[in-house]
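A.B. asks: Show me the folded form of this:
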Amino acid sequence: MEQDPRAEQLAAAYWRNTEWGSAAWERLKPQVRAELTGQADAWLRAAQAAGIAAPAAAPSEDHTALWLDDQGGVWNDVPTSDGGDLTLPLVHAREEAVSRRDLEDRGHRLTLIGWTR
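C.D. replies: Model prediction:
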């Protein structure tokens, strides 16, 4: 079974928010990171099974991803003919579309929260 791509992000966030989180995630032993990431993957699978977390993969090719940034903004992927990564604020106005990679490069941390058609 393939690991959910969000598992490491969840494990790192959990680590930073615990009393032990003063040690940087990146400096933890690889086996500790792998164990925590495995636990996070199990949590994500349970949350998906309970219907409280979106699946990591799109349910169909007709679905596009919804993202939540770390400042509470909601974004929606925009399909492009060249396979680009344009993302719109939830208020869909094509002229406001920006590259998801550009947002991430500017420090936005995006979390997949669902899918839309």
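
A.B. asks: all contacts plus neighbour counts: C-alpha atoms, from now on.
C.D. replies: Fine.

A.B. asks: Identify the bridge partners of Leu112.
C.D. replies: Counting by DSSP bridges, Leu112 forms beta bridges with Trp67.

A.B. asks: Next: Trp75.
C.D. replies: Trp67, Pro89.

A.B. asks: close enough to count as contact, it and Thr64?
C.D. replies: No: between Trp75 and Thr64 there is no contact under CA atoms under 8 Å: 10.5 Å.

A.B. asks: So the two - more neighbours on which side?
C.D. replies: More crowded of Trp75 and Thr64, by other CA atoms under 10 Å: Trp75, with 25 against 19.

A.B. asks: Report pLDDT for that one.
C.D. replies: Here the pLDDT value assigned to Trp75 is 85.

A.B. asks: for the helix ranked longest in the chain, what is the average pLDDT?
C.D. replies: When secondary structure is assigned using DSSP state H, the longest helix within the chain turns out to be helix 30-50. Mean per-residue pLDDT for helix 30-50: 92.

A.B. asks: Next: stretch 98-114.
C.D. replies: Mean predicted lDDT for stretch 98-114 stands at 85.

A.B. asks: Buried residues, that stretch. List them.
C.D. replies: Val98, Arg100, His108, Leu110, Thr111, Leu112, Ile113, Gly114 (16 or more other CA atoms under 10 Å).

A.B. asks: Give me the contacts around that stretch.
C.D. replies: 53-56, 65-70, 84-88 (CA atoms under 8 Å, 6 or more residues apart in numbering).

A.B. asks: From the residues you listed, list the buried ones, please.
C.D. replies: So, by 16+ other CA under 10 Å, the buried ones in these are Ala53, Ala54, Pro55, Ala56, Ala65, Leu66, Trp67, Leu68, Asp69, Leu86, Thr87, Leu88.
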